[in-house]
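Q: fold the following.
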Amino acid sequence: MPQVVLTDHAWPDVELEQAILEAAGHSLAAPFATATAEQVEAAVAESQPAAILTCWAPVSGAAIASAPDLRIVARMGVGLDNIDVAEATRRGIWVTNVPDYCTEEVADHAVALSLAWLRGIVPLDRQVRAGRWDPAAAASRLARLETKTAGILGYGRIGRRTAEKLAGLGMRVLALRPRTPGSEPGPAELVDLDTLVAAADVVILHLPLQAETQHLVDAEFLARLRPGALLVNASRGGLVDTPALIEALRHGSLGAAALDVVEGEPHPSPGLVELPNVILTPHVGFGSETSVAELRRRASEEVVRVLAGAPPQHPCNTPSGVRA
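A: From the prediction side, this is the model:
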């Protein structure tokens, strides 16, 4: 019976995955809820799986190389920064994801983070719980959305949906012009980066984490933002240089940051945690009962599909020896 290793999972059980895989004649090993690269490597070397399902745990080149019968590494999510895609490709192994399962949820979360600061929801909640009831002082600091401009970096499925939601609330929306020409602007005005950072009261990150986007938001970038601007990150923590962000929040002109993802998660920098002008949520933008069930089902079905000899529905690479 071909075995599938589930490296980690962000939900209480693995019954759904197990039911789908066992119905197709495969067994499931799920030794960890969270796992280090070393733990994944040991589990894969021991199980010798035909497939790996992974949520956030690192799937290293060493793990991939240790399983000669491995045919697919299926990401239970969108981003691929936890998988050595190059090694999988070199060894003729498919890498897949589920690219559109949480479009609505992440867009909703980016909007919610934006409104939580612009309308003062989180800071005012903190004040009331601390015994301070001062609506007169607070009211003048709250924003009318139709007077504000949002700038979106990363104008794919999620970026476009975020733009639609913010435009529906009356905000002006700018988006960084995609490199590929011919993209329809949708609800956003497509502009260059200089125009976006000069005009945006809220800058929202919907970018993948790649070599060219690592620490894209550094001290120089932050210094270019409008005074009082809000930075929202609902993508990957590595997009932002954390020490530079802390410095900009403490001593620069950046107004606030609302972050669903941080470098070093699940252990955010104490410098971020202690700042009053930071909103933090624990990488839950993808989540809803609907999206998580869809993710688990579709990722498991992709594994079944490939192990049955069919091409994947959502390939992220072209393995060596496989025709595109």
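
Q: for Gln18, give its distance to Thr290.
A: 21 Å (Cβ to Cβ, to the nearest Å). No exception for glycine: its C-beta is placed from N, CA and C like everyone else's.

Q: can you check Pro311 too?
A: Pro311 is 27 Å from Thr290, by Cβ to Cβ.

Q: what about the spatially most central residue of the chain, which helix or strand?
A: The centre of the chain sits closest to Ser235, judged by Cα atoms, centre = their mean, with a distance of 3.4 Å. Following DSSP states H and E, there is no helix or strand that holds Ser235.

Q: quick check: closest non-adjacent residue to Leu196.
A: The shortest distance from Leu196 to any non-neighbouring residue, by Cβ to Cβ, 6 or more residues apart in numbering, is to Gly151 (4.1 Å).

Q: avg pLDDT for the helix or strand hosting the one you found?
A: Using DSSP H and E, the element containing Gly151 is strand 149-153. Mean per-residue pLDDT for strand 149-153: 98.

Q: going forward can the numbers begin at 550, since that is how I track them
A: Renumbered: residue one is now 550, and that last one reads strand 698-702.

Q: ok, it: who's next to it in the sheet?
A: According to DSSP bridges, strand 698-702 forms sheet pairs with strand 721-725 (parallel), strand 751-754 (parallel).

Q: which one of the ones you listed is the most hemmed in?
A: strand 751-754 (a mean of 28; mean count of other Cβ atoms under 10 Å).

Q: how about that strand as CSV, C-alpha atoms only?
A: C-alpha atoms of strand 751-754 as CSV (Å, rounded to 0.1, in the frame of the first residue of the first chain):
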residue,chain,number,x,y,z
VAL,A,751,-2.8,51.9,3.4
VAL,A,752,-0.2,49.6,1.7
ILE,A,753,-1.3,46.0,1.4
LEU,A,754,1.1,43.1,0.6
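
Q: what's the first helix or strand after it?
A: helix 768-773.

Q: for that following helix, list every residue counted as buried.
A: Buried residues in helix 768-773, counting neighbours by 16 or more other Cβ atoms under 10 Å, are found at 770-771.

Q: show me how far it is from its chain's centre.
A: Centroid displacement of helix 768-773 relative to its chain, using Cα atoms, centre = their mean, to the nearest Å, is 22 Å.

Q: summarise which helices and strands that helix is packed against.
A: helix 742-748, helix 791-800 (3 or more Cβ pairs under 8 Å, 6 or more residues apart in numbering; DSSP states H and E).

Q: what's in contact with the first one?
A: So the one you mean is helix 742-748. 698, 700, 702, 723-725, 740, 752, 770, 773-775 (Cβ atoms under 8 Å, 6 or more residues apart in numbering).

Q: same thing but at 6 Å, please
A: For helix 742-748, contacts defined as Cβ atoms under 6 Å, 6 or more residues apart in numbering pick out 698, 700, 723, 725, 773-774.

Q: how about those residues in a markdown table, adding distance to Ala748?
A: Formatted as a markdown table, those follow (distance: Cβ to Cβ, whole Å):
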| residue | distance to Ala748 |
| --- | --- |
| Thr698 | 5 |
| Gly700 | 7 |
| Leu723 | 6 |
| Leu725 | 12 |
| Arg773 | 11 |
| Leu774 | 10 |
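
Q: still on that earlier bit, next, the buried residues of the strand holding Gly700.
A: 698-702.

Q: and what of stretch 829-847?
A: For stretch 829-847, burial by neighbour count (16+ other Cβ under 10 Å) applies to 829-830, 832, 834-837, 840-841, 844-847.

Q: which members of those are the farthest-apart pair?
A: Greatest spatial distance in the buried residues of stretch 829-847: Leu829 and Arg846, 30.0 Å, computed using Cβ to Cβ.

Q: the residue lying closest to Gly610 once chain neighbours are set aside: neighbour count?
A: The spatial neighbour of Gly610 that comes closest, neighbours along the chain excluded (Cβ to Cβ, 6+ apart), is Glu636 at 3.7 Å. Neighbourhood size, Glu636 [other Cβ atoms under 10 Å]: 18.

Q: surely the residue nearest to the centre of the chain touches Gln759?
A: No - if you go by Cβ atoms under 6 Å, Ser784 and Gln759 don't touch, sitting 11.1 Å apart.
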